[in-house]
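Participant: Sequence and predicted structure, then a few things I'm wondering about:
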Amino acid sequence: MLVKTYGSSVFGIEATIITVEVNVNKGIGYHLVGLPDNAVKESSFRIAAALDNNKFRLPGKKITINMAPADLRKEGSAYDLTIAMGILTASGQIKSKELSEYIIMGELSLDGSLQPIKGALPIAIKAREEGFKGIILPKQNAKEAAIVNDIKVYGVENIKEVIDFFEETKELTATIIDTRKEFYKELESPIYDFADVKGQEGIKRCMEIAAAGGHNIILVGPPGSGKTMLSKRLPGILPPMTLHEALETTKIHSVVGRVKENIGLMSQRPFRSPHHTISDVALVGGGTYPQPGEISLSHNGVLFLDELPEFKRSVLEVMRQPLEDREVTISRARFTVTYPSSFMLVASMNPSPGGYFNDPDAPVTSSPAEMQRYLGKISGPLLDRIDLHIEVTPVPFDKLSEERKGESSVEIRKRVIAARALQEKRFENDSSIHYNAQMEVKQLRAYCELDQESKLLLKKAMERLQLSARAYDRILKVSRTIADLENSVCIQPSHISEAIQYRSLDREGWLG
């Protein structure tokens, strides 16, 4: 008897329907075809034990299982439940007319209980698109999949519940999520608050500009000056994610199984802080079966690289293209996968191997030559792609001991949201651009016109600092953001002047 059940495979961040054809006939043998990997091949042992422990059996006949399309690689253990239900129906142990109307996914334990799977959200989206009645998957993934409307999502704990459901001896309760309520629940509660930061008013201003325009930023300063503390608070002043951004972000985290249990939709912007020993594949994504890397997991959020010169040069260089294109493409001989990677890069570093500026009173000093050699680990083209270069100095005792709290993240965020609203209106006819950092040459010419005084100021800076054409574009983008924060239609000389100040690493002898 031939029976078809349906599962799904995640390719990139999109799902593909997999048809599992199970044929039970006279003879002996278990044949699994359709490009399964080792985890799928081993499913027969898990299925046999799970059925046996639930008073069913693996039939002693010739079982042929085909996973179509047969030219697409199937990987992982999530097909256990799909195959098991096909075997039970094809061997006549259960009867069901509705089996083909559901996507069925789950990894089986030997006692028949189900383990969570990866990619539940894109699988649910695909199931709805293909017109399936519902999706059956492990209970741990139910809230994640239930974000998708207009499809029934059943979370189950063991295979017996699934068998009883299809034999109509037991009802399953569909998981229902109010997506908008889930989304707005945690929006107004930043984990880290700028009010906790003593002093550093100038750096807070830079962070506000970076958040308002989506600009990349690098902080340079000695140990203990507050670089990490400031960076961790940046997501708290970014505008709340839109529902579309939240879905897109959750989708990427779902593919790698990083969505926390019992959390349906990610409402907080991601903040990723990989260790400096990370490999280039782990950062940008890839592998034999490509997976998203840290830059894609940071999509719509912040990627924080602490101690930038300690990262391998090859790791930093592979970021150059994603920083420009805001997506990363991983190519293999037979296929190509593209992951979105529109993130804000926040980097921090010490100015020298010893960690301190050229200060005779510092506990560890380095010569200017050593400092330049240390900074030389970061390539010019990468620095060009960072809009704001900021020097961070230690906070004096009188500031640290102040009782007065600084401005809160909520107050700063209000100004950032107002500036972003201006940018949304400005770029409303261009679906690929949402904030100033994303502007291309065409938009720069249209929205960053300068008066004569501003042009002369920028010309002097270009000649004196020997800035590249990319750095010129960066200054225009930052000055546009500063103007937006002041609700100014035109870019003023003061805006250009402030933007030039944020190119510290372009200045010869910036260490003094």
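Facilitator: Nice, I can see it. Residues are numbered from 1 along each chain as shown.

Participant: Going by C-alpha atoms from here, please, whenever you check contacts or count neighbours.
Facilitator: Noted.

Participant: show me the residues around residue 402 that make contact.
Facilitator: residue 198 (CA atoms under 8 Å, 6 or more residues apart in numbering).

Participant: how close does it sit to residue 204?
Facilitator: Residue 402 sits 17 Å away from residue 204, going by CA to CA, to the nearest Å.

Participant: Check residue 249 too.
Facilitator: Residue 249 is 27 Å from residue 204, by CA to CA.

Participant: more crowded one of the two?
Facilitator: residue 249 (27 against 20; other CA atoms under 10 Å).

Participant: In a helix, that one, correct?
Facilitator: Yes - under DSSP: H, G, I helix; E, B strand; the rest coil, residue 249 sits within a helix.

Participant: Go through stretch 100-114 and flag the buried ones.
Facilitator: 100, 102-114 (16 or more other CA atoms under 10 Å).

Participant: Sheet partners, orientation included, of the strand ranked longest in the chain?
Facilitator: The longest strand of the chain (DSSP state E) is strand 14-25. Paired strands of strand 14-25, with direction, are strand 2-11 (antiparallel), strand 62-68 (antiparallel) (DSSP bridges).

Participant: How far does that strand sit from its chain's centre?
Facilitator: In terms of CA atoms, centre = their mean, to the nearest Å, the centre of strand 14-25 is found 30 Å from the chain centre.

Participant: Out of the strands paired with strand 14-25, which gets nearest to residue 422?
Facilitator: Checking the strands paired with strand 14-25 against residue 422 by CA to CA gives strand 2-11 as the closest, at 36.9 Å.

Participant: separation between residue 50 and residue 296?
Facilitator: Taking CA to CA, one finds residue 50 at 37 Å from residue 296.

Participant: Equivalent analysis for residue 125, please.
Facilitator: 20 Å.

Participant: ok, now residue 44?
Facilitator: For residue 44, the distance to residue 296 (CA to CA) stands at 35 Å.

Participant: Neighbour count for these two, which is higher?
Facilitator: Neighbour comparison, residue 44 and residue 296: the larger count goes to residue 296, with 28 against 18 (by other CA under 10 Å).

Participant: Check which helix or strand that one maps to.
Facilitator: Residue 296 is part of helix 294-297 when elements are defined by DSSP states H and E.

Participant: And the next helix-or-strand element following that helix, what does it pack against?
Facilitator: Going down the chain from helix 294-297, the next helix or strand is strand 302-305, by DSSP H and E. When contacts are defined as 3 or more CA pairs under 8 Å, 6 or more residues apart in numbering; DSSP states H and E, strand 302-305 sits against strand 271-272, strand 344-349.

Participant: Check which element follows strand 302-305 along the chain.
Facilitator: Taking DSSP H and E, what comes next after strand 302-305 is helix 313-317.

Participant: before we move on, the earlier item: C-alpha coordinates for the helix or strand following the longest strand of the chain, CSV please?
Facilitator: The helix or strand immediately downstream of strand 14-25 is strand 29-33, counting by DSSP H and E. Extracted in CSV, the C-alpha atoms of strand 29-33 (Å, rounded to 0.1, in the frame of the first residue of the first chain):
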residue,chain,number,x,y,z
GLY,A,29,13.9,-4.7,3.6
TYR,A,30,14.0,-1.1,4.6
HIS,A,31,14.9,1.2,1.7
LEU,A,32,15.2,5.0,2.2
VAL,A,33,15.9,7.1,-0.9
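
Participant: same question for strand 29-33, mean pLDDT?
Facilitator: Averaging pLDDT along strand 29-33 yields 95.

Participant: Please work out the angle formed by the directions of it and strand 14-25.
Facilitator: Taking axes from the mean of the first three to the mean of the last three CA atoms, to 10 degrees, one finds that strand 29-33 is oriented at 160 degrees with respect to strand 14-25.

Participant: Buried residues in strand 29-33, which are they?
Facilitator: Here strand 29-33 shows residue 32 as buried, counting by 16+ other CA under 10 Å.

Participant: ditto for stretch 43-50
Facilitator: 43, 44, 46, 47, 48, 49, 50.

Participant: Quick one: mean pLDDT for it?
Facilitator: Stretch 43-50 shows a mean pLDDT of 96.

Participant: so how far is it off the chain centroid?
Facilitator: In terms of CA atoms, centre = their mean, the centre of stretch 43-50 is set 35 Å apart from its chain centre.

Participant: Then stretch 308-327?
Facilitator: On CA atoms, centre = their mean, the centre of stretch 308-327 falls 16 Å from that of its chain.

Participant: Repeat that for stretch 136-155.
Facilitator: Worked out by CA atoms, centre = their mean, stretch 136-155 lies 22 Å from the chain centre.

Participant: Next, the buried residues of it.
Facilitator: Using 16+ other CA under 10 Å as the test for burial, stretch 136-155 gives 136-148, 151-155.

Participant: same check, this time on stretch 48-58
Facilitator: Result for stretch 48-58 [16+ other CA under 10 Å]: buried residues 48, 49, 50, 51, 57, 58.

Participant: Run through the stretch 101-250 of the chain and note the low-pLDDT ranges.
Facilitator: 182-190 (pLDDT under 70).

Participant: Next up, the contacts around the spatially most central residue of the chain.
Facilitator: With distances taken as CA atoms, centre = their mean, residue 297 lies nearest the centre of the chain, 2.3 Å away. Contacts for residue 297 (CA under 8 Å, 6+ apart) come out as 249, 252, 253, 270, 272, 341.

Participant: Can you lay out the residues you listed as TSV showing distance to residue 194?
Facilitator: Output for these, formatted as TSV (distance: CA to CA, whole Å):
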residue	distance to residue 194
249	25
252	29
253	27
270	18
272	19
341	26
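
Participant: quick check, distance from stretch 450-460 to the centre of its chain.
Facilitator: Counting by CA atoms, centre = their mean, stretch 450-460 comes out at 39 Å from the chain centroid.

Participant: swap that for stretch 418-434, please
Facilitator: That offset, for stretch 418-434, works out to 22 Å (CA atoms, centre = their mean).

Participant: which residues are contacting that stretch?
Facilitator: Residues contacting stretch 418-434 (CA under 8 Å, 6+ apart): 212, 213, 239, 435, 436, 439, 481, 484, 485, 487.

Participant: most surrounded residue in those?
Facilitator: Most neighbours among those, by other CA under 10 Å: residue 481, with 32 neighbours.
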